[in-house]
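Trainee: here is my input, please return the structure:
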Amino acid sequence: MSPLSRRGFLATGVVAGAGLVIGFYLPHKGESQKDSFSPNAYLRITPDNRVTIVVARSEMGQGVRTALPMILAEELEADWKQIEIEQAGASTLYGDQTTGGSASIRTTWDPMRKAGAAAREMLISAAALTWGVPRSQCAAENGHIKHATSNRTLSYGDLVGKASTLPIPTDVPLKQPKDYKIVGQRLARVDTPSKVQGQATFGIDHRLPDMKFALLSRCPTIGGKVSNFDDKDSKKVPGVSFVGKIGDSAVAVVADSVWGAMEGRRMLNVTWDDGPNKDLTTAAVMASLKQAASKKGANLYSASDMQKASGRHISAEYELPFMAHAPMEPGNCTAHYQGTRCELWAPTQVPQDCRDSVATAIGLDPDQVKVNVTLMGGGFGRRLEHDYAVEAALVSKAINAPVKVIWTREDDMRFSTYRPASLHQLSAFLDGSGYPIALTHRIIAPSISGQKGMPVPNGVDPDLPDEAGPVYGIPNYTIESVIVETPVPLGWMRSVYALQAAFALESFIDELAVAAGKDPLQYRLHLLEKERDLVYFTTTWKTSRMKAALQLAADKAAWGKPLPAGHFHGIACFGCFASYMAEVVEMSMENNQPKVHKVVAVVDCGQVVNPGILEQQIQGGIVYGLANALRAKITIDKGRVVQGNFDDYAPLRMDETPTVEVYAVPSQEVPTGIGEPSVPPVAPALCNAIYAATKKRIRALPILSS
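Mentor: As a prediction, the model looks like this:
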């Protein structure tokens with residue numbers, strides 16, 4: 001399987017997944033027939049009534065180990081208390097297993113429902129055959145099949161043998177939302193107890209007998225290589241057993257303990273070939289964006305004829321920096337190379353890509369590499385890369401023993417992939433009332449997919465169709481993209497281009513409202529007043545849904561009503577990952593710096609599977625987005641990443657964290673994305689509030705260095 005954009009699977013994911021559930025089944029032969037009922041790759045029921053649901057997405061704190069089983073259990077009519085969860089490793093059984101792009105629910109909603117429904121119908125048929133009664137007299141409920149006439153019941157465990165012999169139905173009835181008993185409930189997350197009790201195993205926790213530990217010394221200059229190294233002092237460190245070059249740009253130090261490997265690396269003397277980027281700086285990168293801004297852009301969206309627009313003209317530029325993912329758990333992977341096979345224990349968002357990349361690196365076939373997916377201490381897109389897995393496999397092969405490669409916090413900050421820097425040029429022509437007759441948004445940024453060698457059809461990065469669409473029904477509206485190359489390694493970070501596009505657009509809309517002398521909320525509502533369908537690639541954005549989310553956010557935040565002395569409101573909305581998001585930030589200025597007191601967030605994401613997880617996702621996204629807006633910035637000097645730890649790349653502290661109120665617009669539409677949509681509106685809403693407080697406009701992030 002070739003590497004794909006984290007969102008590249010979205011267009012085909014639902015169809016492919018549905019096909020698996022309808023047409024794929026695990027053979028009911030031999031031992032499996034008497035021991036369990038496994039009608040598809042997602043489900044297994046044993047005679048003792050244990051119902052195991054397999055989760056094919058990675059758990060990194062977002063709640064998929066609870067939400068996805070809820071979908072299947074709903075259609076199965078299972079007893080939730082009997083459900084057990086099993087994490088799938090890399091497999092061809094589930095289609096694309098990439099966890100990213102806020103896609104876990106929206107791409108597995110139908111497959112999981114159909115998997116549960118197919119099993120339910122087979123169990124009903126098994127009960128009818130067992131009793132010799134018409135199938136229409138039997139119904140599934142709470143882990144049992146009941147016979148309406150005689151009031152007899154059989155548990156699912158009682159029926160596994162008979163059910164395993166039946167054909168798997170290919171067209172099954174699905175429940176209506178009004179009949180849901182599990183979906184929509186605030187059920188406790190299944191992984192919380194083990195985490196609270198310290199029993200949960202994250203990637204960094206995994207241990208094997210006789211396992212070694214390794215740290216790598218990597219070239220500090222982007223694109224540099226190892227020239228030579230002297231390991232005599234490293235080998236004097238107790239427990240150090242191996243020092244060797246791994247790839248062109250790193251030297252591994254292996255020891256019996258993490259601390260031994262760290263000390264051995266500290267004593268290592270490496271001479272580096274700094275390569276072609278030794279003079280690269282952030283200033284040079286930003287200059288390249290400005291220079292490229294004059295180039296013709298690829299068209300992302302075009303409504304009507306921009307050439308005919310006239311009126312008062314307003315324009316502005318907005319800049320965003322490189323940013324790091326900075327998850328709490330740094331990179332790590334455990335690997336055991338055994339000649340003709342290799343097994344990995346990896347905190348990964350892309351188990352299949354890990355498998356394939358490792359197989360290529362160590363000269364095995366993909367089916368000779370087994371990937372076990374562990375819990376992750378955060379991901380935010382960083383674990384869509386698989387560099388740490390390849391490193392672990394190469395080191396294990398070099399020493400012929402199991403090994404855990406661990407990255408330090410500084411490794412994670414300075415040798416990562418980064419959210420691209422970008423430049424945004426916006427301009428508008430206003431009518432006599434101050435509303436835009438025409439609006440142009442030009443996005444000048446490197447392409448993540450392009451840098452990784454993936455197709456960029458017609459100059460359009462494949463992520464932009466999910467992340468940078470239109471919001472308002474403006475008569476003449478154009479969005480363009482200009483791709484700029486950069487040597488800085490790029491990666492997908494939570495909400496990626498949506499964060500950037502929303503900051504620029506929603507800051508500019510606020511500027512237009514001020515120029516028109518109008519309230520920022522009412523200005524936006526006016527732009528959304530006429531119900532329109534905005535067709536953007538394969539998505540149709542509905543202004544009515546955005547308007548409803550925006551109005552609800554304003555109502556819940558009491559927009560326009562008196563605030564405490566010195567407090568100010570800012571508002572923003574955006575659509576991405578098929579969801580509609582609106583947020584109101586309440587803040588004050590303390591010692592000339594913003595203090596955020598409350599954020600009211602409203603989302604329209606279709607059917608909500610678990611309201612508790614929804615709240616957690618949005619709250620986490622807002623905290624993440626606030627940290628990014630306030631001070632997240634990766635800078636390059638002499639070809640090296642300057643920042644190295646949480647002292648100079650600081651997350652939000654507890655005393656800086658605001659109250660976050662979360663509301664969902666009631667909907668029975670199919671579920672859409674939720675992990676990332678809360679991030680993009682935070683920065684513009686905060687900057688708009690700062691303007692209300694200070695009359696100073698912020699056009700470059702982060703706020704505290706702009």
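
Trainee: and the gap between the nearest residue to residue 484 once chain neighbours are set aside and residue 233?
Mentor: Using Cβ to Cβ, 6 or more residues apart in numbering and skipping residues adjacent in sequence, the residue nearest residue 484 is residue 292, 4.5 Å away. Quick note: C-beta positions are derived from backbone N, CA and C, even for glycine. Using Cβ to Cβ, to the nearest Å, residue 292 is found at 47 Å from residue 233.

Trainee: the two: which is more packed in?
Mentor: residue 292 (17 against 14; other Cβ atoms under 10 Å).

Trainee: gap between the most centrally placed residue in the chain and residue 93?
Mentor: By Cα atoms, centre = their mean, the chain has its centre lying nearest to residue 100, at 3.8 Å. Relative to residue 93, residue 100 is positioned 19 Å away (criterion: Cβ to Cβ).

Trainee: so residue 231 touches residue 243, yeah?
Mentor: Yes. Counting by Cβ atoms under 8 Å, residue 231 does reach residue 243; the two are 3.9 Å apart.

Trainee: quick one: which of these two has more around it?
Mentor: Higher neighbour count among residue 231 and residue 243: residue 243, with 23 against 18, using other Cβ under 10 Å.

Trainee: spit out the contact partners of the more buried one.
Mentor: 229, 231, 234-235, 251-254, 264, 268 (Cβ atoms under 8 Å, 6 or more residues apart in numbering).

Trainee: what mean pLDDT does whichever helix or strand it is part of have?
Mentor: Following DSSP states H and E, one finds residue 243 within strand 240-246. Here strand 240-246 scores 98 as its mean pLDDT.

Trainee: circling back: assign the residue nearest to the centre of the chain to helix, strand or coil.
Mentor: With DSSP: H, G, I helix; E, B strand; the rest coil as the basis, residue 100 sits in coil.

Trainee: can you check residue 442 too?
Mentor: With three-state DSSP as the criterion, residue 442 reads strand.

Trainee: which secondary structure elements does the strand or helix carrying residue 505 sit against?
Mentor: Secondary structure assignment for residue 505, by DSSP H and E: helix 496-516. Helix 496-516 sits against strand 312-320, strand 422-430, strand 436-445, helix 464-467, helix 520-527, strand 567-576, helix 611-631, helix 682-694, with contacts defined as 3 or more Cβ pairs under 8 Å, 6 or more residues apart in numbering; DSSP states H and E.

Trainee: next up, phi/psi of the residue nearest to residue 288 when sequence neighbours are not counted, please.
Mentor: Spatial nearest neighbour of residue 288, excluding adjacent residues (Cβ to Cβ, 6+ apart): residue 484 at 5.8 Å. With angles defined as degrees, to the nearest 10, residue 484 sits at phi -120, psi 130.

Trainee: tell me the gap between stretch 137-152 and the middle of its chain.
Mentor: 41 Å (Cα atoms, centre = their mean, to the nearest Å).

Trainee: which parts of that stretch are buried?
Mentor: 138, 140, 143-147 (16 or more other Cβ atoms under 10 Å).

Trainee: circling back: how far is the helix holding residue 505 from where the chain is centred?
Mentor: That offset, for helix 496-516, works out to 23 Å (Cα atoms, centre = their mean).

Trainee: quick check: mean pLDDT of that helix?
Mentor: pLDDT averaged over helix 496-516 gives 98.

Trainee: ditto for stretch 276-291
Mentor: 98.

Trainee: is the residue nearest to the centre of the chain in contact with residue 349, as I believe?
Mentor: Yes. Look at residue 100 against residue 349 with Cβ under 8 Å: they come within range, at 5.6 Å.

Trainee: residue 427: neighbour count?
Mentor: 19.

Trainee: report the contact partners of it.
Mentor: Applying Cβ under 8 Å, 6+ apart, the residues contacting residue 427 are 313-316, 439-440.
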